[in-house]
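*Asks:* Just a sequence and a predicted model for now, questions to come.
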Amino acid sequence: MEQAPLRSLRYRRTRIGPAELGWIQQTVDGEATATLTEVAGAVCRRFGWLRPNAEPAAASCVVFLRRLERSGLLRLRQPALRRGLAGAKTRHVAQDEEQMLRALGPLAMWVELQPQGELEVRPIAEEERVGFRLHMQWYHYLGFERSVGESLCYVALVGNELVALLEWGAAVLHNGPRDRWLGWDGEQKARRLAWVVNNRRFLILPWIRKPHLASQVLGANLRRLSRDWEAAYGHRLWLAETFVDSGRFRGTCYQASNWRYVGQTQGFSRTRTGFVANHCPKSVFVYELAPKGAERLRQPGGCW
């Protein structure tokens, strides 16, 4: 493969030059049986790319390594590296279940349900991941892709009836309304973004009919989110953010749950090659997950 000309690269404040790329390539070539995630962990330890809990930031590093490959600066050719976290057997099972669901097609009609019982919102179990993904793909207007980086997925049940699904993940890098509201500059954002979480997906299943359910689910999730995040990733959260497509929704459940509207995006989407106009500005809402959470993110020094 002909290597592309090297441009000035920086990742997590580290300059990536010929020597660094050479070391990364040697690590990839020397770990023939390792998964890409394991290689990314080694790279993170070498350059000090760590999450707030001192664990390697392997998930985001995987994205960076694949970007280097697409740019012609790195070769990731070993079959083991392509498998990532999922073994062949697991992947085949998931594909079989997805094919069966697609063969069934959408339901001819939905029977509206008004479930009764106590509301429970909890993280999904490992065996529920395939079902979570398929429900999101079929019933959420944005679909669903595998989560990258720190993330948590939740189910909401009323009695024994599944009523809603939610996904939370790392905060987005470019969010002008949030940054202006916090008064962040680039350095502050780089140091503190890990303490902000993004509500990536929120789905009330389309056959469920129960007044005020969305705000109740959201409120129950918010009450436990920071605690669950700390158990999973070793650090708490101070602020949540979300983007609402104002052409489709009004954000009523967020407003009812005391989220704060902080402005509109400019209507751009991030792609592999940069940002492109999508002509669909979104409303940005934020929610403090702890008393004075925003103040902690604004203050000099650490925010824990």
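*Replies:* Here it is on my side, so go on. These numbers come from a predicted model, not from an experiment.
*Asks:* How about the contacts made by Gly251?
*Replies:* 244, 259, 261, 283, 285 (CB atoms under 8 Å, 6 or more residues apart in numbering). Yep, even glycine has a C-beta here, placed from its N, CA and C like the rest.
*Asks:* Now which of these would you call buried?
*Replies:* 244, 259, 283, 285 (16 or more other CB atoms under 10 Å).
*Asks:* still on that earlier bit, from the contacts of Gly251, which land in strands?
*Replies:* The strands, defined by DSSP state E, take in 244, 261, 283, 285 from the contacts of Gly251.
*Asks:* Ala58: which of these is nearest?
*Replies:* Phe285 (30.3 Å; CB to CB).
*Asks:* On the pLDDT front, check the closest residue to Asn160 other than its chain neighbours for me.
*Replies:* Excluding the flanking residues, the one nearest Asn160 by CB to CB, 6 or more residues apart in numbering is Gly117, at 7.2 Å. For Gly117, the pLDDT comes out at 92.
*Asks:* Please determine how far Gly117 is located from Lys210.
*Replies:* Distance, Gly117 to Lys210, by CB to CB, to the nearest Å: 11 Å.
*Asks:* who's more crowded, these two?
*Replies:* For Gly117 and Lys210, the more surrounded residue by other CB atoms under 10 Å is Lys210, and the numbers stand at 18 against 10.
*Asks:* quick one, phi psi at Leu119?
*Replies:* phi -90, psi 130 (degrees, to the nearest 10).
*Asks:* wait, what's in contact with the closest residue to it other than its chain neighbours?
*Replies:* Nearest residue to Leu119, sequence neighbours excluded (CB to CB, 6+ apart): Val158, at 5.5 Å. Contacts here follow CB under 8 Å, 6+ apart; on that basis Val158 touches 115-120, 210, 213.
*Asks:* same thing but 7 Å
*Replies:* Going by CB atoms under 7 Å, 6 or more residues apart in numbering, Val158 touches 115-117, 119, 210.
*Asks:* and it, what are its phi and psi?
*Replies:* phi -110, psi 110.
*Asks:* Show me the beta-bridge partners of it.
*Replies:* Leu119, Glu161 (DSSP bridges).
*Asks:* picking up where we left off before, in CSV: the contacts of Gly251, plus pLDDT and distance to Arg70.
*Replies:* Below are these laid out as CSV (pLDDT from 0 to 100; distance: CB to CB, whole Å):
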residue, pLDDT, distance to Arg70
Val244, 93, 31
Trp259, 96, 36
Tyr261, 96, 37
Ser283, 94, 32
Phe285, 97, 33
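*Asks:* and stretch 146-156, how far out from the chain's middle?
*Replies:* Stretch 146-156 sits 6 Å away from the centroid of its parent chain (CA atoms, centre = their mean, to the nearest Å).
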